[in-house]
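Engineer: Compute the structure for the input listed below.
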Amino acid sequence: MLSEDRGTVPSRCPLQRHFLDHRTFGQGGPPQALSPSAALRAGVRKGRCAMNTPIKRLSSPLRIAFLLRDAGEGGAERSSLRLANGLAREGADVTLLLLRSRGPLLNSIDPAVRTVDLRGAFLRLLIELRARPVDFLLPVYTSMRALLAKRVLGGPFQVVLSQRNMFTMDRGPVQTRLRFLRCRLLYPLASACVCISRGVADEMRALRLLPQGRIHVIYNPVVTEALLEQARAPLPHPWMAPGEPPVVLGAGRLGDQKDFATLVRAFALTARERPDLRLVILGEGRQRGMLERLIADLGLSGRALLPGYDPNPYAWMSRAAVFALTSRFEGFGNVVAEALACGCNVVATDCPSGPAEILDDGRCGRLARVGDPEDVARALGEALSHPMPPHALRERAAFFSEERATAAWLELLESLASDSRGRSRDPRDSCYNEC
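Structural biologist: Here you go, the predicted structure:
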């Protein structure tokens, strides 16, 4: 259940302190029994929102360019490529502009998506936009470049920003202040800002970097048929074989934000009462050495494993007893929705912002306080002793389908395209605002 005593993140500057007590709210009704594929399709139907309107084929295809740093292994890159593929399948003319054409997700790009390697050069971006005009430029962690290109080139193309994390929490105090000043200068050039959770959107509205009506919420495209197929793929690791002891799984970059140290400590507490329990954390990062030392210090060698990055974490999720996310903050938390789609029970910290929304305020998973190993251990124990039925978790995950996100983005872009000045409807009255 949702704890009244929320965990907090250490405050380091006024902007950060202002949002530390930010709360999120989930949505969705009680689940019904469905197969994974049927749940996915049902989620798409419900994803047509209050208007219940299907995706309409574009009479004149929108020209859309995504601007990414690369096709790296992060959740932002993965969800952006899913969206690019989905928009291309719906008839849009999609171009993927990569500052560097590299990364493990390059082979996931749909053949209908045109790919351009900018080789890190801003001038090449300007030349490309001049040579092949687009209707929309969608930056992903490249907002300043996109807005500067808009400033330099002018022209009719619209920049639609994507806010993928808590603005005041993913940088230090000095960087946050400087970033805020830069954004105050350039963000007004954007036609819209799409936030990946309601918590992120609430923060952006409070910061007043853009008019309120330009801020929208569209959840990440997470659940796909390909994900479900990958979840069924063979996994040769002996710990995940049928009949083996239960495994607690974590996945993500081994850095400060994910706070895997709290997960390791919580696992150590839970393992005292469950001597056969095992822990696996997928991912790489600068905290690997620290985590390895912590595992050894807590006497968990042989029971806790750091196997590194795996391009198919879903095969692990579908076989794990519990998936645990212990982040200090998130923008959304793709892995939580992915674990639900695999039918895996979830324990997540009630951090700002995203996990509580995905888990429907604790109705579809256990929430724990941020940075509190004892409370995470309590949630792990509950999930292991009283697991939720997989079909219920899969139906909740269907709310975050690729089809639903694609429909919402198409509706937003069509709305912006129909108004040359980029005005949109009030976000509180908008169907795509709640998708």
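Engineer: List the residues that contact Ala320.
Structural biologist: Residues near Ala320 by C-beta atoms under 8 Å, 6 or more residues apart in numbering: Met240, Pro246, Val247, Val248, Leu249, Val280, Ala339, Cys344. Glycine gets a C-beta too; all of them are placed from N, C-alpha and C.
Engineer: So what does it look like in phi/psi?
Structural biologist: Per-residue torsions, Ala320: phi -80, psi 150 (degrees, to the nearest 10).
Engineer: Use 241 as the first number from now on
Structural biologist: In the new count, where the first residue is 241, that last one comes out as Ala560.
Engineer: helix/strand/coil for the closest residue to it other than its chain neighbours?
Structural biologist: Leaving aside its chain neighbours, Ala560 sits nearest to Leu489 (3.8 Å; criterion: C-beta to C-beta, 6 or more residues apart in numbering). Judged by DSSP: H, G, I helix; E, B strand; the rest coil, the three-state class of Leu489 is strand.
Engineer: Dump the contacts of Ala560 into a markdown table; add neighbour count and distance to Pro553 as well.
Structural biologist: Shown next, in a markdown table, are the contacts of Ala560 (neighbours: other C-beta atoms under 10 Å; distance: C-beta to C-beta, whole Å):
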| residue | neighbour count | distance to Pro553 |
| --- | --- | --- |
| Met480 | 18 | 12 |
| Pro486 | 15 | 17 |
| Val487 | 19 | 13 |
| Val488 | 25 | 14 |
| Leu489 | 25 | 8 |
| Val520 | 20 | 10 |
| Ala579 | 32 | 9 |
| Cys584 | 28 | 11 |
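Engineer: contacting residues for Asp357?
Structural biologist: Neighbouring residues of Asp357 by C-beta under 8 Å, 6+ apart: Leu338, Arg340, Ser341.
Engineer: please redo it, this time with the cut-off set to 10 Å
Structural biologist: Asp310, Leu336, Leu337, Leu338, Leu339, Arg340, Ser341, Arg342, Arg364 (C-beta atoms under 10 Å, 6 or more residues apart in numbering).
Engineer: quick one: which of those is nearest Thr589?
Structural biologist: Asp310 (28.6 Å; C-beta to C-beta).
Engineer: The closest one: neighbouring residues, count only.
Structural biologist: For Asp310, the count of nearby residues is 19 (other C-beta atoms under 10 Å).
Engineer: Let's verify it: helix, strand, or coil?
Structural biologist: Once three-state DSSP is applied, Asp310 turns out coil.
Engineer: ditto for the one 10 residues further on
Structural biologist: In three-state terms, and counting by three-state DSSP, Ser320 is helix.
Engineer: quick one, what contacts it?
Structural biologist: 306-308, 311, 314, 336, 345, 378-381, 402, 404, 460-461.
Engineer: Now a PyMOL select for only the buried ones of those residues.
Structural biologist: Filtering the contacts of Ser320 down to the buried ones (16 or more other C-beta atoms under 10 Å) takes a single PyMOL command:
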select buried, resi 306+307+308+311+314+336+345+378+379+380+381+402+404+460+461
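Engineer: Which single one of the contacts of Ser320 is nearest to Phe569?
Structural biologist: Nearest to Phe569 among the contacts of Ser320, with distances taken as C-beta to C-beta, is Arg404, at 11.8 Å.
Engineer: Look at the closest one and report its pLDDT.
Structural biologist: Arg404 is assigned 89 on the pLDDT scale.
Engineer: go on, Gly312?
Structural biologist: 89.
Engineer: residue contacts, it?
Structural biologist: Counting by C-beta under 10 Å, 6+ apart, Gly312 touches Arg318, Arg340, Arg342, Gly343, Pro344, Leu345, Leu346, Tyr381.
Engineer: What is the nearest of those residues to Ser567?
Structural biologist: Closest to Ser567, out of all of the contacts of Gly312 and judged by C-beta to C-beta, is Arg318, at 16.8 Å.
Engineer: In contact with the residue nearest to that closest one when sequence neighbours are not counted: list those residues for me.
Structural biologist: Of all residues not flanking Arg318 in the chain, Leu345 sits nearest, at 6.1 Å (C-beta to C-beta, 6+ apart). Each residue near Leu345 by C-beta under 10 Å, 6+ apart is listed here: Leu308, Asp310, Ala311, Gly312, Glu313, Gly314, Glu317, Arg318, Ser320, Leu321, Arg322, Pro551.
Engineer: how about those residues, which pair is most distant?
Structural biologist: Farthest pair in the contacts of Leu345, by C-beta to C-beta: Leu308 and Pro551, 17.6 Å.
Engineer: Quick check: Leu358 touching Thr335?
Structural biologist: No - contact criterion C-beta atoms under 10 Å: Leu358 and Thr335 do not qualify, at 11.2 Å.
Engineer: need the contact list for the residue most central in space within the chain.
Structural biologist: Closest to where the C-alpha atoms of the chain average out (C-alpha atoms, centre = their mean) is Asn574, at 3.7 Å. For Asn574, the contacting residues are 314-316, 318-319, 322, 436, 459-462, 491-492, 565, 594, 598, 640, by C-beta under 10 Å, 6+ apart.
Engineer: Can you select the buried ones among those residues for me in ChimeraX?
Structural biologist: Entered in ChimeraX, the line below selects the buried ones among the contacts of Asn574, by 16+ other C-beta under 10 Å:
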select :314,315,316,318,319,322,436,459,460,461,462,491,492,565,594,598,640
